[in-house]
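Asks: Model the structure of this input:
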Amino acid sequence: MAATKRSVGFVLMLAFVGVSLGAVHKVGDSTGWTSLGNIDYLKWASSNTFHVGDSLLFEYNPQFHNVMQVTHNDYQSCNGTSAIASYTSGSDSVTLKRPGHFYFLCGVPGHCQASQKVDVLVKASSKGPTASPSPSTLGSSPANPPSETVGAPGPAQSSALSLVSSKVSSLVALCIVGFAFYF
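Replies: Here you go, the predicted structure:
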């Protein structure tokens, strides 16, 4: 009887984990975040669906690129000087915490003008509330963290290829806890 209760608890825990982990979208798919190779980030974003709790993964060479989260006006004018947040590690994860548009561009001169920018539109999660790990558990923290105004609704944002593998460590930890209850 006790083993049955533990088994049911373990299955419920795994079901919760499956529901609570958002998708990870690698910006630019296999090409990543670059100004080389004629990447169409607008097409990439429109071919993906983003939900609250999902994350964007920007992978790039930090010697030549960066990621700036900007307002709609700064996105349109390719202005990264007053970014909401800036990322410079070369492997940056940004959790999408609200519905609406999120705007990103490369702040290196000429790169945004060469279309290294993305507008991601995030939809409300159809799964209900999700638990999203902090940026420090998924990758780098912004060099310039966003202010509280970032949570306010804004213009649409773009998305990328879904990858759940970057959240495997959280799943493994929860499985270990589940097995501890099971045995």
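Asks: Return, as residue ranges, the portions of this structure with sub-threshold pLDDT.
Replies: 1-20, 126-183 (pLDDT under 70).
Asks: And the strands in it, which stretches?
Replies: Ranges of strands in the chain, per DSSP state E, are 24-26, 50-51, 55-59, 67-70, 85-87, 91-95, 100-105, 117-123, 161-163.
Asks: Identify whichever of these lies nearest to residue 36.
Replies: strand 55-59 (13.6 Å; CB to CB). In this view, the C-beta of every residue, glycine as well, is placed from N, C-alpha and C.
Asks: about what we covered before: can I get the strands of the chain in JSON lines with mean neighbour count and distance to residue 77?
Replies: What follows is the strands of the chain, written out as JSON lines (neighbours: other CB atoms under 10 Å; distance: least, CB to CB, whole Å):
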{"stretch": "strand 24-26", "mean neighbour count": "23", "distance to residue 77": "25"}
{"stretch": "strand 50-51", "mean neighbour count": "21", "distance to residue 77": "24"}
{"stretch": "strand 55-59", "mean neighbour count": "25", "distance to residue 77": "21"}
{"stretch": "strand 67-70", "mean neighbour count": "27", "distance to residue 77": "9"}
{"stretch": "strand 85-87", "mean neighbour count": "22", "distance to residue 77": "17"}
{"stretch": "strand 91-95", "mean neighbour count": "23", "distance to residue 77": "21"}
{"stretch": "strand 100-105", "mean neighbour count": "24", "distance to residue 77": "10"}
{"stretch": "strand 117-123", "mean neighbour count": "22", "distance to residue 77": "11"}
{"stretch": "strand 161-163", "mean neighbour count": "15", "distance to residue 77": "28"}
